[in-house]
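Visitor: no letters, just coordinates:
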């Protein structure tokens, strides 16, 4: 191998090619990549679907602006959110004689906006319109009605009218590419006041109406919070010959709880290596051993934590957590929908600080969190996987001859003692130095390459730590927003021209715990 550095155009941040003499002598982590050895197509699972709060939030200008940024820099294929049938979308009312009236203007405005951003709806059919509801039980600040329909035929009429409207407006070929999910977490009392049998009836009626209007449309459920309902649902659809194209469910990386409507519950990070991944694998095995083994598997919610008041969502540890879990879970699921792309999310009402542990990849002001860069790095990967010896890496190539090497150093850190995420991860968490990476890439064509290095970690594209250094202001000035956006700009920390001879290149990178690094080699 011969390597000659031609020029150093830009170097930002800490030096990458040598260890700091003050750091301990650590063993080197060697990553060997063979760019000429294709191991298969790169997984479409990570960027398939992403979540958002509720439909009405999607009518806001700032929500749509953030989605435009996400689509430009990442590019998810589907978007899922609650509340499409909630009263603030104005879809259903009854006249004085009790006859149903339908109005899809707000839905049209929202779906037109999504399609304009090249993202399709993963349709969650929820919650119950008040005049169609059998009761008054609600959840969230925005009062989502969680009761069964008072009249199943009127519910069927609403679903049929909605499907016919979409078929007329967008065409059957288009809506056949969507997914239709019946309700959200009916296995939790907070989201469904009826019995399991009543949910199964709702599912059967809804799926039948969808297929009657559009036989090619994909329908599924049970959109569960826990695994226990999965075998019962699989058994129900098989024994009753109910249409189903996918099973959907949810999982979060915590060791306690599963529902927190107000965002006040304490949570603790699940540090087990099999967290998230084991849950996904079990669902896939459950489907495989059922009477409907052909069903797709969609995790329509997942994240480090199930509460919108968990500062781990803002911390840099979220980036390698996402990469670690997606790499391991992708072989088992068709999608893993991160919950959510934005902090414009009002289950517990409007939040009072710019960083409050919200689910989003971006905060209220559109400042990119570390989790955002995990997905931005994933979006930079090519369509073909290539061989690597390292489990904590994803290595790909593109048709232009470029090679992408994404690697990370995930260390799960649980709050000590009786602390929870809400106290531990609210504080600054300086990172410890870990083994440097010696990267070797072979199988390259000789010639001049541009090498760009991107990093997310402690104080690297780490807006939350920068916010803490500001003194955690409860409201941000324009100057502070600009400063935080600059701290999380996503710019490469290193850009160099390198000469490749004999098909190989070798570089060395310093690493800290919970760093994630993307190296892109592009032929000039």
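Guide: Received the coordinates, thanks. Because the structure is predicted, anything quoted here is derived from the model rather than measured.

Visitor: drop to CA atoms for contacts and neighbour counts, all remaining ones
Guide: Noted.

Visitor: run through the chain and note the low-pLDDT ranges.
Guide: Residue ranges of the chain with pLDDT under 70: 1-25, 256-264.

Visitor: can you list the strands that the longest strand seen in it pairs with?
Guide: Of all segments of type strand in the chain, defined using DSSP state E, the longest is strand 29-41. The pairing partners recorded for strand 29-41 under DSSP bridges are strand 384-388 (antiparallel), strand 433-442 (parallel).

Visitor: quick one: residues in contact with that strand.
Guide: Under the contact criterion C-alpha atoms under 8 Å, 6 or more residues apart in numbering, strand 29-41 has outside partners 383-390, 395-397, 403, 435-444.

Visitor: now those residues: which count as buried?
Guide: Buried by 16 or more other C-alpha atoms under 10 Å: 384-388, 395-397, 403, 435-442, 444, out of the contacts of strand 29-41.

Visitor: element containing residue 190, please.
Guide: Per DSSP states H and E: residue 190 is located in neither a helix nor a strand.

Visitor: pull the number of nearby residues for the residue nearest to it when sequence neighbours are not counted.
Guide: Closest residue in space to residue 190, ignoring its immediate chain neighbours: residue 139 at 6.5 Å, by C-alpha to C-alpha, 6 or more residues apart in numbering. Residue 139 has 17 neighbouring residues, counting by other C-alpha atoms under 10 Å.

Visitor: quick check: can you list the domain ranges of the protein?
Guide: Following automatic domain parsing, the chain resolves into domains at 2-42+384-523, 49-379.

Visitor: of those, flag the one that's most buried.
Guide: Each of the domains of the chain was scored by mean neighbour count; the highest is domain 49-379, a mean of 20, by mean count of other C-alpha atoms under 10 Å.

Visitor: tell me how far that one is from the chain's mean position?
Guide: Between the centre of domain 49-379 and the centre of its chain there are 12 Å (C-alpha atoms, centre = their mean, to the nearest Å).

Visitor: and the end-to-end length of it?
Guide: Domain 49-379 has its terminal residues 13 Å apart, counting by C-alpha to C-alpha, to the nearest Å.

Visitor: now stretch 136-147
Guide: Span of stretch 136-147 from end to end, C-alpha to C-alpha: 7 Å.

Visitor: what's next to it, contact-wise?
Guide: Outside of stretch 136-147, the residues within contact range by C-alpha under 8 Å, 6+ apart are 83, 86, 127-130, 133-135, 190-194, 261-262, 346-349.

Visitor: mind running it again at 7 Å?
Guide: The contact list for stretch 136-147 (C-alpha atoms under 7 Å, 6 or more residues apart in numbering) reads 86, 127-130, 133-135, 190-194, 261, 347-349.

Visitor: pick out the residue closest to the middle of this structure.
Guide: The residue lying closest to the centre of the chain (C-alpha atoms, centre = their mean) is residue 338, at 1.8 Å.

Visitor: what about it, distance to residue 369?
Guide: 14 Å.

Visitor: again, but for residue 348
Guide: Residue 348 sits 21 Å away from residue 369, going by C-alpha to C-alpha.

Visitor: likewise residue 184?
Guide: Per C-alpha to C-alpha, residue 184 is found 27 Å from residue 369.

Visitor: the residue lying closest to residue 318 once chain neighbours are set aside is in what secondary structure piece?
Guide: Nearest residue to residue 318, sequence neighbours excluded (C-alpha to C-alpha, 6+ apart): residue 371, at 5.4 Å. With elements taken from DSSP H and E, the one containing residue 371 is helix 370-379.

Visitor: other SSEs contacting that helix?
Guide: In terms of contact count using 3 or more C-alpha pairs under 7 Å, 6 or more residues apart in numbering; DSSP states H and E, helix 370-379 is assigned the packing partners helix 318-329.

Visitor: fine by me, thanks again.
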